[in-house]
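Engineer: Pasting a predicted model and its sequence here:
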Amino acid sequence: MNETYQLLGVDAKDILSLEKYLQDYFTNILKKLKDLKAQSKQTDIFF
């Protein structure tokens, strides 16, 4: 893999690991879902 980084001229430290990427991705999704849930409670419509 180091050869690939050298070939592309990329520092290995700049590449996120898959685990870190997925952790950040799902953290962002959970935050968004919590925000949407909070908004939906504020906008309940009663008939």
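Structural biologist: The structure has been received and is ready for your questions. Residues are numbered from 1 along each chain as shown.

Engineer: helix/strand/coil for the residue nearest to the spatial centre of the chain?
Structural biologist: Among the residues of the chain, the one closest to the centroid is residue 25, at 1.9 Å (Cα atoms, centre = their mean). With DSSP: H, G, I helix; E, B strand; the rest coil as the basis, residue 25 sits in helix.

Engineer: Next up, the contacts around it.
Structural biologist: Applying Cβ atoms under 8 Å, 6 or more residues apart in numbering, we find residue 25 in contact with no residue. C-betas here are computed from N, CA, C, even on glycine.

Engineer: and residue 38, how far is that from residue 27?
Structural biologist: The gap separating residue 38 from residue 27 is 17 Å, by Cβ to Cβ, to the nearest Å.

Engineer: again but with residue 15, I slipped
Structural biologist: As judged by Cβ to Cβ, residue 15 and residue 27 stand 19 Å apart.

Engineer: Between these two, tell me which one has more neighbours.
Structural biologist: Legend: neighbour count by other Cβ atoms under 10 Å for residue 15 and residue 27, higher for residue 15 (14 against 10).

Engineer: Phi first, then psi, for that one.
Structural biologist: Dihedral pair for residue 15: phi -100, psi 120, per degrees, to the nearest 10.

Engineer: my guess is it meets residue 5, correct?
Structural biologist: Yes - contact status for residue 15 versus residue 5: in contact at 7.4 Å, counting by Cβ atoms under 8 Å.

Engineer: what residues are shared contacts of those two?
Structural biologist: With Cβ under 8 Å, 6+ apart, residue 15 and residue 5 have no common neighbours.

Engineer: Good, we can wrap up now.
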